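*Asks:* sequence first, then the predicted structure, then my questions.
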Amino acid sequence: MPESLAFIKDRAVKTISAANQVANVWTWSELSPVQHQAQLDALAGNQQAKPPVLGQESILGAAEQTMLAARAAWDGGLDKLHGWTVLAVGMLKALYRNDPAKLALVSGLSASESSRDGVLAEALALATAWESTDANWVPKAGVTLAAFKAQREAGNEADRKAYAAAHSAWSSAAGTQRMMAAALEDRNEGWYASAVLVFPAGTPDGDMIRTTIPTTYSPPPPKAKPAPTPPA
């Protein structure tokens, strides 16, 4: 949909205002001004209505905040896991530098990944080697093998699923908003197309409709990119 949401809502407000002004002469058979307002409120919300209408925009905003919080929690947990991995990998290699058998089990470990799946894969490899060499070894207070495994499990299961569910809810709310906006714009266009036939140009109502309701969306100009800083 090329029109912006702000444009569609503004056009709806002005269309409803015009429809109310000519309501004593003509009302569109497809939709009354009251019904048109209800459609706008369902999208944008209306705290002045009785009862107040939340609106899909607010629903989408709340879903986005939930999704961002779930992502932050997941990434925060993985950052903690990665920090533990960096610590344990380095210490294990130093610990077993003079033990060829155990060094062979830990020498291939790494802690350099930055992607979620990469962090989880490195943690799994570490947990396997940790358990094979000395499951009771503790690199620092609180960082036991059991705690490490639990942290990895949360990143691979609970936190991942929480984010996936929140992202799905956000995506669904965004899709609903797009459909509602498209339906509202269809009604805006339909009312205008009928109204300009009922009220010809040159009549007070016809001119009011043509001059107050926007019909062409002009996207804002792209933001200028800052000039590159010349080398010193």
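*Replies:* Yep, that arrived.

*Asks:* center of the chain - which residue?
*Replies:* Centroid-nearest residue in the chain: Glu64, 4.4 Å away (criterion: CA atoms, centre = their mean).

*Asks:* mean confidence for whichever strand or helix holds that residue?
*Replies:* Assessed by DSSP states H and E, Glu64 sits inside helix 56-95. Helix 56-95 carries an average pLDDT of 97.

*Asks:* quick check: closest non-adjacent residue to the residue nearest to the centre of the chain.
*Replies:* Trp170 (5.4 Å; CB to CB, 6 or more residues apart in numbering). (Glycine included, C-beta is placed from N, CA and C.)

*Asks:* pLDDT weak spots in the protein?
*Replies:* Filtered on pLDDT under 70, the chain yields the residue ranges 1-3, 218-221, 224-232.

*Asks:* now do 50
*Replies:* 1, 232 (pLDDT under 50).

*Asks:* got phi/psi on the most far-flung residue of the chain relative to its centre?
*Replies:* Distance to the chain centre peaks in the chain at Asn98, reaching 51.0 Å (criterion: CA atoms, centre = their mean). When read as degrees, to the nearest 10, the backbone of Asn98 gives phi -110, psi 20.

*Asks:* who's in contact with Leu81?
*Replies:* Contacts for Leu81 were tallied using CB atoms under 8 Å, 6 or more residues apart in numbering; they are Val119, Leu120, Ala123, Phe148, Gln151, Arg152, Gly155.

*Asks:* which of the residues you listed are buried?
*Replies:* The neighbour count (16 or more other CB atoms under 10 Å) marks Val119, Leu120, Ala123, Phe148, Gln151, Arg152, Gly155 as buried among these.

*Asks:* ok, back up a step: element containing the residue nearest to Glu64?
*Replies:* Counting by DSSP H and E, Trp170 is part of helix 159-198.

*Asks:* that concludes my questions; thank you for your assistance.
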